[in-house]
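> pasting a predicted model and its sequence here:
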Amino acid sequence: MGEEVEESIDGLRQSFRTGRTRSVAWRKSQLGSIVRLVSENEEKIFSALYQDLGKHPVECYRDELGVVLKSAAYALRNLDKWVAPKKGNLPLLFFPARGQVIPEPLGVVLVISSWNFPISLALDPVIGAISAGNAVVLKPSELAPACSAFLAEHVPLYLDTKAVKVVEGGVDMGERLLRQRWDKIFFTGGPKGGQIVMSAAARYLTPVTLELGGKCPTILDTLSDAYDVKIMVKRIAGGKWGPCCGQACIGVDYILVERKFSATLIELLRRTIKKFYGENPQSSKSICRIVNRDHFERLKSMLKDPAVADSIKFGGSMDEEILFIEPTILLDPPLDSELMMSEIFGPLLPIITVDNIQESIEFINSRPKPLAIYAFTKNEAFKQRIIKETSSGSITFNDVMVQFVCDELPFGGVGQSGFGRYHGKYSFDTFSHEKAVMRRGFFPELEPRYPPWNDFKLRFIRLAYRFNYLGLLLLMLLSRR
């Protein structure tokens with residue numbers, strides 16, 4: 001298997017060297033094939049996602065198929081503009097000269113995707129890599145085996161097998177792939193996996209994009225306006241339990257709210273949960289299950305601490321047979337507990353109270369930088385404080401998670417939540433190198449740039465750097481001395 005993988009990578013590199021992937025026509029044909037891959041196999045994808053995660057078809061389309069189709073269509077509409085060289089405005093000092101910035105593909109890239117959105121987080125980066133003209137190896141997550149098998153079987157039926165390959169396998173295969181030389185590695189996963197990827201990439205100085213996670217806080221400023229509150233709570237509940245039962249890197253991890261509003265918030269969340277999932281969420285077909293037993297036990301262990309268990313205000317029931325955990329609300333669990341120290345990645349929602357909502361900024365800054373901050377507020381001054389005084393991959397006001405589907409905005413983390421960015425044109429840029437090209441003539445020749453040095457040449461060079469434009473003519477005349 002190892003030799004086969006290495007031969008496949010060598011084959012991709014040979015294909016790339018022939019220029020196979022560089023033409024805009026090839027890129028468009030592959031993007032169109034991704035659209036057909038998803039459109040023509042909708043039911044198969046629904047079935048695979050249900051097998052792996054228990055996702056309802058509506059959730060599948062919203063978070064997986066729709067994302068891929070949207071991204072591919074956006075790339076197809078804009079590709080001609082993206083690949084066009086950009087003019088570089090050169091100082092007149094270099095006259096006559098022209099400058100260009102030309103985007104070129106990096107080469108053969110590796111995409112390692114995650115299990116929680118096993119279709120969109122696999123194909124969305126591939127769309128960027130193909131748009132930029134690269135050859136690609138996709139390593140789907142083994143924790144979503146049905147989706148991994150679907151991709152391994154169907155990608156070769158639709159995409160160019162000489163330039164795009166899917167490699168299945170577990171940790172051993174991941175390690176084997178990371179030992180190879182790549183021109184770019186794009187990884188979606190957790191911080192531990194990110195450290196492994198960076199360590200492996202350092203061997204060849206391979207550039208990496210790490211899409212990791214983090215505890216994404218939600219600031220809730222007020223519960224005064226009845227209509228606004230209803231929308232706030234609905235969006236928060238949808239952002240916590242709607243995407244993959246809380247198993248989402250940009251999902252709501254915890255809420256910060258003033259103490260006086262906590263009881264009202266809990267009651268409104270409780271009502272919303274029942275509206276979404278009924279009196280018995282376990283029987284609902286609108287909520288996912290936990291991906292596997294290891295993750296189930298991890299979440300279960302978070303609630304073992306008696307102080308954490310005592311903070312449960314709603315939910316908490318579990319079914320180990322079907323890997324189900326009920327949507328659970330906790331009020332002021334210990335801040336040093338595992339629940340509050342690590343990313344939850346599940347249906348447990350802590351509510352942390354403060355005396356004044358302005359204190360939420362200090363609370364967020366006392367912890368690692370999150371992938372996203374969500375803040376529900378109409379206070380423009382408070383919004384500006386959050387923007388200026390916190391650091392995160394993104395900030396969304398008065399909604400949650402919607403930034404992920406905006407192709408016009410970059411998506412990515414900062415600090416422990418990752419680095420690099422993608423989506424839309426940013427995906428194209430992530431998998432491209434912007435090559436500077438300058439074209440010059442032979443006249444005039446500025447002699448002061450050459451030895452032997454003297455005081456006049458020093459004055460000339462000083463003026464050249466200080467007056468690129470206004471002093472050009474004078475410098476050209478003086479250079480003839």
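Received the coordinates, thanks.
> tell me where the stretch 101-250 of the chain has helices.
For the stretch 101-250 of the chain, applying DSSP state H, counting those that start in this stretch gives helices covering 120-131, 145-158, 171-178, 191-202, 226-241.
> name the stretch among those helices that sits most buried.
With neighbours defined as mean count of other CB atoms under 10 Å, the helices of the stretch 101-250 of the chain peak in mean count at helix 120-131, which reaches a mean of 28. Every C-beta, even on glycine, is put in place using the N, C-alpha and C of the backbone.
> rank the helices of the stretch 101-250 of the chain by mean pLDDT and give me the bottom one.
Least confident of the helices of the stretch 101-250 of the chain, judged by mean pLDDT, is helix 226-241 with a mean of 92.
> for this structure, what's the longest helix?
Longest helix in the chain, counting residues (DSSP state H): helix 66-83.
> would you mind putting the CA coordinates of that helix into PDB?
Extracted C-alpha coordinates of helix 66-83, given in PDB (Å, rounded to 0.1, in the frame of the first residue of the first chain):
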ATOM      1  CA  GLY A  66     -25.300  23.000  -0.800                       C
ATOM      2  CA  VAL A  67     -22.000  24.300   0.400                       C
ATOM      3  CA  VAL A  68     -20.100  22.400  -2.200                       C
ATOM      4  CA  LEU A  69     -22.400  23.300  -5.100                       C
ATOM      5  CA  LYS A  70     -22.300  27.000  -4.100                       C
ATOM      6  CA  SER A  71     -18.500  27.000  -3.800                       C
ATOM      7  CA  ALA A  72     -18.000  25.300  -7.200                       C
ATOM      8  CA  ALA A  73     -20.500  27.500  -8.900                       C
ATOM      9  CA  TYR A  74     -18.900  30.600  -7.400                       C
ATOM     10  CA  ALA A  75     -15.400  29.500  -8.600                       C
ATOM     11  CA  LEU A  76     -16.700  28.800 -12.100                       C
ATOM     12  CA  ARG A  77     -18.300  32.200 -12.400                       C
ATOM     13  CA  ASN A  78     -15.100  34.000 -11.200                       C
ATOM     14  CA  LEU A  79     -12.200  31.800 -12.400                       C
ATOM     15  CA  ASP A  80     -11.400  33.900 -15.500                       C
ATOM     16  CA  LYS A  81     -11.000  37.000 -13.300                       C
ATOM     17  CA  TRP A  82      -9.000  35.200 -10.700                       C
ATOM     18  CA  VAL A  83      -6.400  33.800 -13.100                       C
END
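> next one: the next helix or strand after it to chain centre, how far?
Going down the chain from helix 66-83, the next helix or strand is strand 86-88, by DSSP states H and E. Centroid separation for strand 86-88 versus its chain: 29 Å, with CA atoms, centre = their mean, to the nearest Å.
> do stretch 240-252 as well
Per CA atoms, centre = their mean, the centroid offset for stretch 240-252 relative to its chain is 15 Å.
> circling back: which among the helices of the stretch 101-250 of the chain is found nearest to residue 444?
Among the helices of the stretch 101-250 of the chain, helix 120-131 comes nearest to residue 444, with 41.9 Å by CB to CB.
> which strands or helices does that closest one pack on?
helix 24-39, helix 66-83, strand 108-112, strand 135-139, helix 145-158, strand 184-188, helix 425-430 (3 or more CB pairs under 8 Å, 6 or more residues apart in numbering; DSSP states H and E).
> the third one pairs with which strands?
Strand 108-112 has these partner strands in its sheet, going by DSSP bridges: strand 135-139 (parallel), strand 184-188 (parallel).
> in JSON lines: these, plus mean pLDDT.
Supplementary listing: the strands paired with strand 108-112 in JSON lines, determined by pLDDT from 0 to 100:
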{"stretch": "strand 135-139", "mean pLDDT": "98"}
{"stretch": "strand 184-188", "mean pLDDT": "98"}
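> redo those as JSON lines? Include distance to residue 307.
Formatted as JSON lines, those follow (distance: least, CB to CB, whole Å):
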{"stretch": "strand 135-139", "distance to residue 307": "40"}
{"stretch": "strand 184-188", "distance to residue 307": "34"}
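> now these as a markdown table including distance to residue 174 and mean neighbour count?
Shown next, in a markdown table, are those (distance: least, CB to CB, whole Å; neighbours: other CB atoms under 10 Å):
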| stretch | distance to residue 174 | mean neighbour count |
| --- | --- | --- |
| strand 135-139 | 6 | 25 |
| strand 184-188 | 10 | 26 |
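> among those, which is nearest residue 116?
For the strands paired with strand 108-112, proximity to residue 116 was assessed by CB to CB; strand 184-188 is nearest, at 9.1 Å.
> list the contacts of that closest one.
106-107, 109-114, 121, 125, 129, 134, 178, 193-194, 197, 200-201, 206-211, 420, 422, 430-431 (CB atoms under 8 Å, 6 or more residues apart in numbering).
> ok, 6 Å please
With contacts defined as CB atoms under 6 Å, 6 or more residues apart in numbering, strand 184-188 is touched by 106, 109-114, 121, 125, 197, 201, 206-211.
> about what we covered before: tabulate the helices and strands packed on helix 120-131 in JSON lines, adding columns for distance to residue 267.
Formatted as JSON lines, the helices and strands packed on helix 120-131 follow (distance: least, CB to CB, whole Å):
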{"stretch": "helix 24-39", "distance to residue 267": "41"}
{"stretch": "helix 66-83", "distance to residue 267": "33"}
{"stretch": "strand 108-112", "distance to residue 267": "43"}
{"stretch": "strand 135-139", "distance to residue 267": "45"}
{"stretch": "helix 145-158", "distance to residue 267": "38"}
{"stretch": "strand 184-188", "distance to residue 267": "36"}
{"stretch": "helix 425-430", "distance to residue 267": "41"}
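> the ones you listed: which one's closest to residue 348?
Nearest of the helices and strands packed on helix 120-131 to residue 348, taken as CB to CB: strand 184-188 at 22.4 Å.
> could I get the phi/psi values of residue 396?
The phi and psi values for residue 396, taken as degrees, to the nearest 10, are phi -120, psi 130.
> neighbours of it, how many?
Applying other CB atoms under 10 Å, we find 23 residues neighbouring residue 396.
> got a list of what residue 74 touches?
407, 424 are the contacts of residue 74 under CB under 6 Å, 6+ apart.
> the stretch 351-481 of the chain: strands as residue ranges?
372-376, 394-397, 418-419, 432-440 (DSSP state E, counting those that start in this stretch).
> so which of those strands gets nearest residue 453?
Between those, strand 432-440 lies closest to residue 453; by CB to CB that is 23.2 Å.
> elements contacting the closest one?
Contacts defined by 3 or more CB pairs under 6 Å, 6 or more residues apart in numbering; DSSP states H and E place strand 432-440 against strand 97-105.
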